[in-house]
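Q: just to be clear, the model below is a prediction. Sequence and coordinates:
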Amino acid sequence: MKPMRDWGKLVIAGALLLGATRAFAAEEPPLPYTMKQGDILLTLARDYMTKEADYLVVQRLNRIADPRRIPVGTVLLIPPAILRTEPVTGQIASFRGAVTVNGKEVVVGTKVNEGMRVETGAGAFVTIRMPDASSVSLPSQSRILVTRLRRIALTGAIDDDFKLEAGRARMSVTPFKDPGSKFRVTTPLSVTAVRGTDFRVAFEGSEKAATEVVGGKVEVAPDVDKPITAIGRGFGVIATPTGVGDPIALLPAPQLAAVEKTANGATISAKPVDGAQKYRIALAADARFTEVLDEQLTDTTSASFTLPPTATFFIRLTAIDANGLEGLPGTFSLSGQLPASR
């Protein structure tokens, strides 16, 4: 599929998820802006565009006869390349273990800016919170580069871009208020774009990347100008050097079978799921799993954890299929005294 070139077609291509397969346009589609009381195109160009003369681009694109007299309520289409952007700052919301930003150890509140690299060591976890409350969580031995973290000055639209270089990441993206907002995650084998959803991306080697959708919808392509595949909740795809495969149904969420007290903590067991090759069992201090305490990947349905005898925590269970795709999560809470072993 060839990238669309004229603006009329790009407007149509700009809305996510209109079709199951199309291309991420190499040229970004224009962004809509509704003229408000007191707005004058020349003033907007001076205050919010890269050059004052950029008003001429908008005038030609929208076929405006008089740029000084545009009725209130008129929707203008503006190429994003001429809009001024402002950097925004994320921060470390929670972490455990050895976590670094640009090689330096973090504390809660450490700033995360465009161009920074966040990395977790063995047994470490971190959650990065964005100004719009979106979050990126990295488990053990993962690395992500913040390639773009900006907002468009005119509209307030979000423009976030991350590159997962190793390991896994889970993204919880706040639904966008502005249609021009973007949130993308790339690996060397894939590009995933969203507009408010909950999904995971994994890249653990040079030959395979995975995207798994827990909530909402995403679009995945092997590159920014290649045909894309739309994926809904409960599905995932595998990307290889040859391209992105067809969507695959994720395994259902496992049910909790038992929590049994041990000398140092507890053994947590899931009920078996048909088709599961492995299970991931994770513990957190909160239901959203922004404060992960520990997790284990196991070939069986059980894993043992070191815990205080009166721990309060949340359990998340997932099943992993033969493709390596991680299924939908089952989340359970446990408060107070751990149950005695039987």
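A: Yep, it's here.

Q: quick check: the gap between the spatially most central residue of the chain and Lys177.
A: Nearest residue to the geometric centre of the chain (Cα atoms, centre = their mean): Met171, 3.4 Å. According to Cβ to Cβ, to the nearest Å, Met171 stands 18 Å off from Lys177. Placement of C-beta: from N, CA and C, glycine included.

Q: one more: Gln59?
A: Gln59 sits 27 Å away from Lys177, going by Cβ to Cβ.

Q: show me which of those two is the more surrounded one.
A: Gln59 (18 against 12; other Cβ atoms under 10 Å).

Q: pull the helix or strand with minimum mean pLDDT from this protein.
A: helix 7-14 (a mean of 29; mean pLDDT, DSSP states H and E).

Q: one step back: and the helix or strand harbouring the residue nearest to the centre of the chain, what's buried?
A: For Met171, the element it lies in under DSSP states H and E is strand 158-172. For strand 158-172, the neighbour count (16 or more other Cβ atoms under 10 Å) marks 158-164, 166-172 as buried.

Q: which helices and strands sit right next to that strand?
A: Strand 158-172 is packed against strand 135-138, strand 143-152, strand 182-187, strand 198-203, with contacts defined by 3 or more Cβ pairs under 8 Å, 6 or more residues apart in numbering; DSSP states H and E.

Q: can you give me the mean pLDDT across the third one?
A: It refers to strand 182-187. Averaged across strand 182-187, the pLDDT comes to 94.

Q: next one: stretch 279-290
A: 92.

Q: what does it rub up against?
A: For stretch 279-290, the external contacting residues (Cβ atoms under 8 Å, 6 or more residues apart in numbering) are 93-94, 127, 129, 135, 137, 170, 172, 254, 268, 270, 273, 291-298, 300-303, 305, 307, 312-320, 326, 331, 333.

Q: how about 6 Å then?
A: Contact with stretch 279-290 is made by 93-94, 127, 268, 270, 291-298, 301, 303, 313-314, 316-319, as judged by Cβ atoms under 6 Å, 6 or more residues apart in numbering.

Q: what about that stretch, start to end distance?
A: 20 Å (Cα to Cα, to the nearest Å).

Q: on that earlier part again, now the two most distant members of the buried residues of strand 158-172.
A: Ile158 and Ala166 (25.3 Å; Cβ to Cβ).

Q: where are the low-confidence patches of the stretch 51-200 of the chain?
A: 196 (pLDDT under 70).

Q: can you get me a residue count around the residue nearest to Phe313 when sequence neighbours are not counted?
A: Nearest in space to Phe313, with sequence neighbours left out and distances taken as Cβ to Cβ, 6 or more residues apart in numbering, is Leu283 at 5.0 Å. Neighbour count for Leu283, taken as other Cβ under 10 Å: 23.

Q: can you report phi and psi for Leu283?
A: The phi/psi pair for Leu283 (degrees, to the nearest 10) reads phi -120, psi 140.

Q: equivalent analysis for Arg60, please.
A: For Arg60, the backbone dihedrals (degrees, to the nearest 10) come out as phi -70, psi -40.

Q: just the pLDDT at Lys261, thanks.
A: On pLDDT, Lys261 comes in at 85.

Q: surely Arg150 meets Ile158?
A: No: judged on Cβ atoms under 6 Å, Arg150 makes no contact with Ile158 at a distance of 7.9 Å.
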